[in-house]
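Colleague: Take a look and give me a structure for this.
(2 chains)
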Amino acid sequence: MLRITGGKVYDPANNIDGQVKDLHVDAAGCFCEAVSEGRTIDATGMIVMPGGVDVHTHVAGGAINFARAMTPEDHRRTQAFIRTKTRRSGLGGMAPTTFATGYLYAGMGWTTVNEAAVPVLSARHTHEELADIPIVDKSTLTLMANNEIMLDQMEAGEYERAKDVVAWYLWAAKSYGVKAVNPGGVAAWKWGGDARQLNAPIEGYSKLTPGTIVTQLARICDELGLPHPMHLHCNNLGAPGNISTTLDTLRHLEGSRAHIAHSQYHAYGGDGWETICSAAAELAEYFNTHPTITTDAGAVLFGDTVTITADGPWQHLLHKLTGRKWGNLDIENETGCGIVPYTYRPSNLVNAVQWACGLELLLLIQNPWQVFLSTDHPNGGCFWRYPEIIKLLMSRDFRDECLKKLPSKIKNRITLPEIDREYTLLDVATSMSAGPARALGLANKGNLAAGCDADLVIYEQEDDPAEMFSHPRYVIKGGEVIIEDGEIRETPEGREYIVRPHYDPGTDDFMRPLFEDCYTMAFDNYPVEMERVRGAIIRDCQTGEAS
Amino acid sequence: MGIKLTLTRQPTVPLEAEVLAPNALADCSTDQIAARTVYHGKRQLPLADFFEIEGERSDELEIHGDLKKVRWVGRAMSRGRLTIHGNVGMHLGAYMTGGQIEVLGNAGDWIGAEMKGGQIHVQGNAGGQVGAAYRGSLAGMKGGLIHVTGSAGLEVGMRMRRGIIVIGGAAKDFTGLQMKGGTIVLMEGAEIRTGAWMNRGTIISLKAVQVMPTFALATKNFVPPFLPLLAKALAPQGITIPTDCGFDFYSGDLSVPGRGELLIRQAD
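Modeller: Next up is the predicted model:
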């Protein structure tokens, strides 16, 4: 039991904007009205926020593990975690190791993370790694938009069957929702192609288009009653002029819920690398007029990182553009995967546009409940650099200072210099916690009301937001004090959220022969057993329940 | 007087001792030096467990004994003078940015790996990966001079970007692998695949070496105009490079495609 007294509370879910309020935590680790005993933390003069929720990150599974293996050069130069009594050893850096991931997230006040891209074939591995990420609560999304068994159903017009297949896969993977990456494009990549137009049939199919996949998959997520809508990485990522594809995709989604992942990578104008410009204003306008769609920024920070995505064709292109090393994984008939280390440089015009574009989206989308803090870790930058983004959002002066380092050719390609908006602490709390929690359908997260999980972070007020957000005074997870005075005190295991959607019991028999035709793995070995998921919290989905 | 360390106990597993660098010890008293941490395998132990220490507060560091199992000596050193009276293990002078290292014995692999400046002189033989890039890195040494009087192992100057490596004896395979710049001088030639994947940079061999088929002969009897300059720069180190003879000039590695230079002294 715990009392936090005297802090200035920023709790967007309950419209509390800096009022001084005492918080009470019961023995079960949830907020309650009052407790009579236990420790009291005097937070007078400090800032209290709900613990951060990362809606889109890559922290476990085959891809990030491959990225770790591919970047030994980073391991040598990065922060090392030496084993202590409470802490396991590990490495930080571009792709931190499992235990270090938990320490680094918790260390800056994030308490829930959503691993946004898991092929079913590596789901077991992913759950094993998630079990080794301490402190934070977790969820995973299953890659579906290039799954050949599902695509075949859509091609044949068997919508209901496709829905059963999706539900079957989600339960097999013990995941929390559906991720769609470059719908149809990764399937086409296996024929050496890509899918950049929403209305053109996909290579290898006669009539199925990316547009159909997007529309139907979003509807399936809604009809299955998944707490999180379809999590979409649009077609044509990273390409100049891709704003038209993105807007076209959004039009295909009308009538459904959707979350657009890392929209920064999908908001470019121009028609080539020489003419690339930010089209964030145009995309933001769409979000401002469509309040039911959410997105995360996928902001870019200058420096070294490693890009990892299921978007195999894009990664091949990136490797060709940069000459950096390239890894490609083939995930049978489920999806693809590519890894390319990358350095974002302020002197590079394209990178400068990307940097500005992510910030523009965060600032131009007016409602912080719609746009969330993310770097698509590790693609745009590492998650432990989020405080830098918060500083950029909170301080126009700091943005102006950074803008001076960009090449002069950037003029007229970005709108960032004209944006006056500065995030308030309430905006930050919404964008880093309450908003993503709501988008994920995690009602107990990002919320300081009685009954919710007691995940919160307490900052000492400082002039420099980057300093303040990098070094919280206290981090409390499930009522336990995890970080105190800059030190990790406890490293409890986190929980994992999974969904159990309804599907026709005959789906097993339907899948078995298809499976035996296409997969290298035995059908009975494929679904992840429940005991593989540490600390599972199962949510039964009722068809048509989604709000 | 400088600091003198003498190895008193041979480590049973490799001893990782990056504190054995002048700039790491220069401001320390004898007691402070004795207490500095070294890693014996996974165990953290004080330096005094392995070395007898004489002298203090100096950036002249002298180490005596057979240090072939001692790694990372002179790691990232930036100044001062380090002399090793005996053999030394892997990673000597890796990441160094300045100062001088003199080894009166043999050295292990990866000496001067990813160094940026300073000088290393090994009077005996060196292992492989002299001045190389560590696995995964884009570039190896970016400056400074490595002089090995004896022979060297595989992948000398792998992915080096700038700086000079001089090997007095023979080098093994893959000298100048994926080289991006800088200069390698081979007094006694090298084994096979010299300059494989090289992009830029110069390899000068005073003995015949096997030329890969992906190198094209640009000109014969070529007298490189920069050679007197290089000879003058290396003369203070006691390295003599003839400036009056002709070279076969090959360009490659064309499979990259690269524009590296392979200069082989013509047989008299």
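
Colleague: where does the chain have low pLDDT?
Modeller: Reading this off chain A. A:544-547 (pLDDT under 70).

Colleague: oops, chain B please
Modeller: B:268.

Colleague: Do a quick rundown of the helices in it.
Modeller: For chain B, the helices defined by DSSP state H cover B:22-25, B:30-35, B:227-234.

Colleague: Figure out which of these is closest to B:Gln10.
Modeller: Of all the helices of chain B, helix B:30-35 sits nearest to B:Gln10, with 18.7 Å by C-beta to C-beta. Placement of C-beta: from N, CA and C, glycine included.

Colleague: For the closest one, which helices and strands make contact with it?
Modeller: strand B:51-54 (3 or more C-beta pairs under 8 Å, 6 or more residues apart in numbering or on different chains; DSSP states H and E).

Colleague: looking at the helices of chain B, which is buried most?
Modeller: helix B:22-25 (a mean of 22; mean count of other C-beta atoms under 10 Å in any protein chain shown).

Colleague: roughly how far out does that one sit from the chain middle?
Modeller: With C-alpha atoms, centre = their mean, to the nearest Å as the basis, helix B:22-25 stands 20 Å off its chain's centre.

Colleague: what does it rub up against?
Modeller: Here helix B:22-25 makes contact (C-beta atoms under 8 Å, 6 or more residues apart in numbering or on different chains) with B:3, B:18-19, B:33, B:36, B:58-61, B:74, B:77-82, B:99.

Colleague: Show me which residues of the stretch 51-200 of chain B sit near chain A.
Modeller: Taking C-beta under 8 Å from any C-beta of the partner chain as the contact definition, the stretch 51-200 of chain B meets chain A at B:Tyr134, B:Arg135, B:Gly136, B:Ser137, B:Leu138.

Colleague: Restricted to buried residues, select those in PyMOL.
Modeller: Per 16 or more other C-beta atoms under 10 Å in any protein chain shown, the buried members of these correspond to this PyMOL selection:
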select buried, chain B and resi 134+137
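
Colleague: Mind picking the two most distant members of the residues of the stretch 51-200 of chain B next to chain A?
Modeller: Farthest apart among these - using C-beta to C-beta - are B:Arg135 and B:Leu138, which lie 11.4 Å from each other.

Colleague: Need the residues touching each of these two.
Modeller: A:Glu73.

Colleague: coming back round to it: of the contacts of helix B:22-25, keep whichever come out buried.
Modeller: For the contacts of helix B:22-25, buried by 16+ other C-beta under 10 Å: B:3, B:18-19, B:33, B:36, B:58-59, B:61, B:74, B:77-78, B:80-82, B:99.

Colleague: so where does A:Ala117 fall, helix or strand?
Modeller: Secondary structure from DSSP states H and E places A:Ala117 in strand A:110-118.

Colleague: packing partners for that strand?
Modeller: By 3+ C-beta pairs under 8 Å, 6+ apart, strand A:110-118 packs against strand A:52-57, helix A:123-131, strand A:137-143, strand A:177-181.

Colleague: Nearest to chain B among the ones you listed would be which one?
Modeller: Nearest to chain B, of all the helices and strands packed on strand A:110-118, is helix A:123-131, at 21.5 Å by C-beta to the nearest C-beta.

Colleague: Tell me which residues of the strand holding A:Ala117 come out buried.
Modeller: Of the residues in strand A:110-118, A:Trp110, A:Thr111, A:Thr112, A:Val113, A:Asn114, A:Glu115, A:Ala116, A:Ala117, A:Val118 count as buried by neighbour count, 16+ other C-beta under 10 Å.

Colleague: Contact partners for the fourth one?
Modeller: What that stands for is A:Val113. A:Val113 neighbours (C-beta under 8 Å, 6+ apart): A:Val53, A:Asp54, A:Thr57, A:Val59, A:Tyr105, A:Ile133, A:Val136, A:Asp137, A:Lys138, A:Ser139.

Colleague: one more time with 10 Å, if that's ok
Modeller: Counting by C-beta atoms under 10 Å, 6 or more residues apart in numbering or on different chains, A:Val113 makes contact with A:52-60, A:101-102, A:105, A:130, A:133, A:136-140, A:377, A:383, A:436, A:494.

Colleague: Chain B next: which of those residues are close?
Modeller: By C-beta under 10 Å from any C-beta of the partner chain, no member of the contacts of A:Val113 lies near chain B.

Colleague: Adding distance to B:Gly189, write the residues of the stretch 51-200 of chain B next to chain A out as JSON lines.
Modeller: As requested, those are exported to JSON lines (distance: C-beta to C-beta, whole Å):
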{"residue": "B:Tyr134", "distance to B:Gly189": "27"}
{"residue": "B:Arg135", "distance to B:Gly189": "27"}
{"residue": "B:Gly136", "distance to B:Gly189": "30"}
{"residue": "B:Ser137", "distance to B:Gly189": "27"}
{"residue": "B:Leu138", "distance to B:Gly189": "28"}
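
Colleague: Residue in the stretch 151-300 of chain A with the shortest distance to chain B?
Modeller: Of all residues in the stretch 151-300 of chain A, A:Val300 sits closest to chain B, at 20.5 Å by C-beta to the nearest C-beta.

Colleague: Tell me, how many residues neighbour that residue?
Modeller: For A:Val300, the count of nearby residues is 27 (other C-beta atoms under 10 Å in any protein chain shown).

Colleague: Surely A:Ala162 and A:Thr215 touch.
Modeller: No - using C-beta atoms under 10 Å as the test, A:Ala162 is too far from A:Thr215 to be in contact (11.8 Å).

Colleague: And these two? Which one has more around it.
Modeller: Ranked by neighbour count (other C-beta under 10 Å), A:Ala162 and A:Thr215 place A:Ala162 first, with 25 against 22.
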